[in-house]
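J.: need a structure here:
(chains A, B, C and D)
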4 protein chains.
Amino acid sequence: MSSDHPTYPTSLGVSDLHTISLMGQDLSADLIGKVSFGHLAYRLITLQEPTEGQARVFEAVLVALADHGFTPTAISARMTYLSAPESIQGALASGLLGGGSRFLGVSEDTGRFLADALAGVEELPTTTEGWDELAADAVRRQRAAGRFVPGLGHHLHKQGDPRIAALYGVAHEAGQVGPHLALFEAVGRVAEEVTGKALPLNGAGACGAALADIGIPVELLRGVVLLARCAGLLGHIAEEVRGNHVAADVFADVERHAVYVDPPAPARGEA
Amino acid sequence: MSSDHPTYPTSLGVSDLHTISLMGQDLSADLIGKVSFGHLAYRLITLQEPTEGQARVFEAVLVALADHGFTPTAISARMTYLSAPESIQGALASGLLGGGSRFLGVSEDTGRFLADALAGVEELPTTTEGWDELAADAVRRQRAAGRFVPGLGHHLHKQGDPRIAALYGVAHEAGQVGPHLALFEAVGRVAEEVTGKALPLNGAGACGAALADIGIPVELLRGVVLLARCAGLLGHIAEEVRGNHVAADVFADVERHAVYVDPPAPARGEA
Amino acid sequence: MSSDHPTYPTSLGVSDLHTISLMGQDLSADLIGKVSFGHLAYRLITLQEPTEGQARVFEAVLVALADHGFTPTAISARMTYLSAPESIQGALASGLLGGGSRFLGVSEDTGRFLADALAGVEELPTTTEGWDELAADAVRRQRAAGRFVPGLGHHLHKQGDPRIAALYGVAHEAGQVGPHLALFEAVGRVAEEVTGKALPLNGAGACGAALADIGIPVELLRGVVLLARCAGLLGHIAEEVRGNHVAADVFADVERHAVYVDPPAPARGEA
Amino acid sequence: MSSDHPTYPTSLGVSDLHTISLMGQDLSADLIGKVSFGHLAYRLITLQEPTEGQARVFEAVLVALADHGFTPTAISARMTYLSAPESIQGALASGLLGGGSRFLGVSEDTGRFLADALAGVEELPTTTEGWDELAADAVRRQRAAGRFVPGLGHHLHKQGDPRIAALYGVAHEAGQVGPHLALFEAVGRVAEEVTGKALPLNGAGACGAALADIGIPVELLRGVVLLARCAGLLGHIAEEVRGNHVAADVFADVERHAVYVDPPAPARGEA
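T.: Numbers count the residues shown, from 1 in each chain, chains lettered A, B, ... in the order given. Next comes the predicted model:
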C-alpha cells in the first residue's frame, strides 16, 4: 500500500482471517443470536446502540410500515417478477424505487416538518396548551408558505388511522414520547381549527415522528421506511412465487382495456 | 364491481375504514409492539407464524448477512447516492441489484443443493456415518455434473468462517437443526476427502441451510438475503449522508487511474 | 500516482483539459452531428465501427423493439412514476428491470439458440434444403433436451408477426442476411413439420437473429433490447407526465378488486 | 368488457392480430427501416414528428451525452455486473439510478432555469445586447435567491467545454437555435461580469438548452439524458463482458484500503 493512496474509512463491517466485526463488535460472538435484526439495523443506520425503549419503538415502526396490500410499489414488484422471475433482486428493487415523495415519503416529510418546527424553539412546552400553540403556529406557517401539512389525512381511514393509538401506546410504554411525537399529537388536536378541514393524523406521519424521537436522522427516515417495505414486497413476490398470478391477471386486464387515442395535434408553428 | 372483472387475491395487507390487517391479523391490535420485525418478515414471506425457535434462527441469519463492508453492492449504493443524493431509494435499489449469482447467491445455491440432495432420500440418516455418506454422494454427483459445490470456501476466511459456529450454536439452542444443516455439516466433514481440496464451510452457505430448515422455500432464500443486506446498505448510505465521502474518493481515484486502450482491431472480413 | 496502484483500462470515454474522446475519436470533431445515436451505440457496445448496412439493421431492430404498449415493464415504470414522480430515473430503471427471461429475453434466447446450432457446423449450407436440414436438426435437439424453441409463436399475432417481413426486408436491402437470419428463416419453414405445432416466427426472435448477424455478441443481445425499450418506457413516462393517469387508474382498480384469502394451513408437523 | 371498467388510453403501441402500430403509424410499414432510432425516440417522448432539423439536433445531443468514462454511474453498473452477471438489466438499471441531481441533472436544471427566465418575457430580444441584458437579469435573480446558476463550469474543462462549439454548430446548421440556446449563449457572455467568476458554459447545459429548443418538455429533459447514458453504460458493461475486470480491480482496491474507525461517541443524554 503506497502512502498516497486514499483510504476508505468505515465503522461498519471489517474482516480479517478469523474475525468479522460490525461497528467494532465481533459479529459471531456478540451479535449473531444475541440481538434482533431490528436492533442491528438501528445500529447500522445510527452507529449507536439503541436503548431497550428505542429498539422497541424501532421494531414497532418497522412492523407498522411493512405492507399495505396492493400499493403501486407492490404492483411494480409483482410486474417485474412476472417479466424476470429469475431475478428476485430486480423485482424487489423495482418495488422499492416507488419509495419516493408521493406514497412512502410521508414519514420523512412529517419528521422534517416537525424537526423544522422544533428547531427554533429554545424551551420546549410543558403544557398541552403550550404544545398546541407551537403546533398551531407551525401549521399556520406551513400553509402560509403554500405547503401541505404532512402526516394528516388518509385516503381510506377518514375517521382516524388505526395505527396511531398503537404507535403512541408503544412509545409511551417504552418511555420514548419525545418532542416530535408530542408536537405531532398537538398538530392532530389543532389542525381542524387552524385549517378548517377535519384531517386526522395518519400512521405514516406518526412513524416519522416516532423515528425522529428515537434518534433517526431526518435524512434517513425514508431509508427506514424502505427497510420495512422490503419485507412487505418480499411477501408480494412470495405470493407470485407460490403461484397466485396477480401480476399476470393485472397485465391481461390492462392490455384488454387499452384504448388508442391520437396524439395531440402539433402546436401552431411547430413541426 | 362487475361480475366479469378479475379479482386479485392476497393474504397480505387489506384495509377498510377502521382496520388494517396483515395475514388476517389486526395490525394495530395484534402486531405493532407485539412482534419483532424479523418475526413479521418471516410471516410475510411464508404466511406461517414462526415458532419461537424458527424466529430466533431467522433473526440470527438476518444479523449474520446484514453487512460485509465494502462489497460491490455497498460500493454501488454509495456511488448512486453520490450521483443522486435526493433519491435514497435509488441508492438502496442500486445496491440490492448486485444481489445476484456471484456474491449474494451462495445461500440460495447452497439451500438448493442441499434440498436436491435430500429430495430423493426416503429415510434420513440417523448416524454421523449415514450423513457423511449422503454428503459424499451429493458432492460427487455435483462434481460429476461439472458443477461447483456451493457453500465451501471463502476468499478471506481460509481457515474457517467465524459465523459457522455461531449459527450452528443458535440453531442447536433453538432446536432447529434439521436435515439441511445436518447435511451441510456433513459436507464440511467429507469435502476435503472427496474433492482433494481443503475448503471450509462458509457462513453464507450455513445461512442458506438454516433458512431451509426453518421452512423458507428455496425460491425465496435470496429474498431473505436481500432483506438482510438492505440494513447493511442503509448503513453505508448513512455513512455517506453523515459525510465520510468514500464514494467521492473512490470515484476520483478510479478516474485518476483510468487509461485509454485502443479498441481491438476488427476481426478479418468484418467492417 | 504510485507504481503499485491498479490502472483501469477502457476504450470508451476519456477526457483532458481540451478534449473528450470516445473510442479514440474526438467527440466534438468526429462524432457530434456526424453520426447517429444508433451508430454510436453500436460502436460503444462492439468497439467496432458499423458498416452502413450494419448500422441500418441496428437502427431497424431498435425501432422494432422500442415499444409494445402496456407490457409489464411499461406498467411497472408508470407505477413507479406515480409513487416517486421526482425521480424519473427510478421509473425508467423499474421498467427496465423487467427485461429478463420471460418478456424481453426472447431475442437473446433466439440468438443463443441459433449461435449454438451454427457453432458446430463446418461448412454453412448453400441451398434451402441444406438450411432446412440444419434447422430441423437444431429444433429436434432442442426439444429432445426438453427445451423450448425460442423465437416461435406470439400470444397475439397467431398468423404471423408483422415485423418479420419488414426486418428481413431491411436486412436483405442492407446486405446483412447472415447465417443467423438464414437459419431462423429455415426454422420457420420446418417448425410445424418437426414439432407438430403451427407457430410462426416472432419479431423478437428475428431481432435477435439480425443482431447476431451484424456482430452483436450473444451476451449483449439483451442489452440492445433494453436500449430500445428505454425509448418506449420514456414514452410511457411522458404520457404520465402529460397527465393521462393510467397508473393511478390501474392502481385504484387493482385495490378495488383485491380480495383477502386466508393463508394456507400449516403443513403437518410444522409450526 | 363491462361498461364500468376503466379504460387505459395511450398514443403509443397498440396491436391486433395483424398489425402493430405506434402513435398511429404502422410499425412494420412506416417505421422499421424508415426512421432512425433517435427519430422514433423523439416521437415516443413528444408524440410529435420531428422536423429534419429537430431530429438532427436530437441525435447530436444523444451522442454528446452518451458516455464520459468512469463516472459514478459507470462504476455502479460495472459493480452490479460483477455481482450479478446473469442480470444485465440490473447492471444497467443500477447505473441509470445515478441519473439524479448531481451528475446527470445539469441538462434538466439548465433547461428549467432558461425556461423560467424566458417565461415572463413578452417579446424576445432581437439584439445581442438585449439577450445579454436578459441573461444578466436571470443570473442576478438566481443568485439573489441563493441558487447556483446551472450549466456553468466543469471540473475538468476549465477553459471551455469542447462540446459547446460542436453543439452550437449543429444547431445553427439545422436552423434550431431558439430562445433557450440564445439565452444560454448570452449567459456565457455575461456570467463572469455578473458573478465575478470565470466559469465557461458546459456541454450538459448546452444539451439542455438545445433539447428545450427542439420541443422536449423540461420535465422530460432528464429522460433524454438517461436514454443517451443507456448506450454508454452498455459500453461499460460490454467491456466487463469481454473481460477487462475493472469492477473486480476497483472492488479489490477499495477493500484493501478500507480502514475501520470507531463510531462517534453517543451525544450527551442519549442512549
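
J.: can you pull out the strands in chain A?
T.: A:8-10, A:13-15, A:20-22, A:25-26, A:258-260 (DSSP state E).

J.: near chain B at all, the second one?
T.: Yes - applying CB under 8 Å from any CB of the partner chain, one finds that strand A:13-15 is in contact with chain B at A:13, A:14, A:15. The way it works is simple: take the backbone N, C-alpha and C, and place the C-beta from them, glycine included.

J.: Packing partners of the helix or strand of chain A with the lowest mean pLDDT?
T.: Every helix and strand in chain A was compared by mean pLDDT, DSSP states H and E; the lowest is strand A:13-15, with a mean of 87. Where contact means 3 or more CB pairs under 8 Å, 6 or more residues apart in numbering or on different chains; DSSP states H and E, strand A:13-15 is packed against strand A:20-22.

J.: again, only this time at 6 Å
T.: Here strand A:13-15 touches no other helix or strand, going by 3 or more CB pairs under 6 Å, 6 or more residues apart in numbering or on different chains; DSSP states H and E.

J.: quick one: low-confidence parts of the stretch 151-271 of chain A?
T.: Scanning the stretch 151-271 of chain A for pLDDT under 70 picks out A:267-271.

J.: which ones are touching residue A:21?
T.: residue A:14 (CB atoms under 6 Å, 6 or more residues apart in numbering or on different chains).

J.: go with 8 Å
T.: A:13, A:14, A:15, A:27, D:260 (CB atoms under 8 Å, 6 or more residues apart in numbering or on different chains).

J.: export the residues you listed to CSV and tack on neighbour count and distance to residue A:115?
T.: Below are those laid out as CSV (neighbours: other CB atoms under 10 Å in any protein chain shown; distance: CB to CB, whole Å):
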residue, neighbour count, distance to residue A:115
A:13, 23, 30
A:14, 21, 32
A:15, 20, 36
A:27, 24, 33
D:260, 14, 31
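
J.: Name the surrounding residues that touch the least confident helix or strand of chain A.
T.: Here strand A:13-15 makes contact (CB under 8 Å, 6+ apart) with A:20, A:21, A:22, A:27, B:67, B:68, B:69, B:156, B:157, B:232, D:258, D:260.

J.: how close does the residue nearest the centre of chain A sit to residue A:105?
T.: In chain A, the residue lying closest to the centroid (CA atoms, centre = their mean) is residue A:225, at 2.6 Å. If you measure residue A:225 against residue A:105 using CB to CB, to the nearest Å, the figure is 8 Å.

J.: Repeat that for residue A:115.
T.: 15 Å.

J.: neighbour count winner among the two?
T.: Between residue A:115 and residue A:105, residue A:105 has the larger neighbour count (other CB atoms under 10 Å in any protein chain shown), namely 22 against 18.

J.: Phi and psi next, for the more buried one.
T.: phi -90, psi -10 (degrees, to the nearest 10).

J.: Surely it and residue A:221 touch.
T.: No - assessed by CB atoms under 8 Å, residue A:105 is found out of contact with residue A:221, at 9.2 Å.

J.: anything in contact with each of these two?
T.: Joint contacts of residue A:105 and residue A:221 (CB under 8 Å, 6+ apart) do not exist.

J.: Keeping just the C-alphas, turn stretch A:252-269 into PDB.
T.: What follows is stretch A:252-269, C-alpha atoms only, in PDB (Å, rounded to 0.1, in the frame of the first residue of the first chain):
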ATOM      1  CA  ALA A 252     -54.000  -9.100 -19.100                       C
ATOM      2  CA  ASP A 253     -56.700  -6.800 -17.700                       C
ATOM      3  CA  VAL A 254     -54.800  -3.600 -18.500                       C
ATOM      4  CA  GLU A 255     -53.900  -4.800 -22.000                       C
ATOM      5  CA  ARG A 256     -57.500  -5.700 -22.700                       C
ATOM      6  CA  HIS A 257     -58.700  -2.300 -21.700                       C
ATOM      7  CA  ALA A 258     -56.100  -0.300 -23.500                       C
ATOM      8  CA  VAL A 259     -57.600   2.200 -26.000                       C
ATOM      9  CA  TYR A 260     -55.700   4.100 -28.600                       C
ATOM     10  CA  VAL A 261     -56.000   7.800 -28.800                       C
ATOM     11  CA  ASP A 262     -54.500  10.000 -31.400                       C
ATOM     12  CA  PRO A 263     -51.600  12.200 -30.400                       C
ATOM     13  CA  PRO A 264     -52.400  15.800 -29.900                       C
ATOM     14  CA  ALA A 265     -52.200  18.000 -33.000                       C
ATOM     15  CA  PRO A 266     -48.800  19.800 -33.200                       C
ATOM     16  CA  ALA A 267     -48.900  23.300 -31.600                       C
ATOM     17  CA  ARG A 268     -49.100  26.100 -34.100                       C
ATOM     18  CA  GLY A 269     -45.900  26.900 -35.900                       C
END
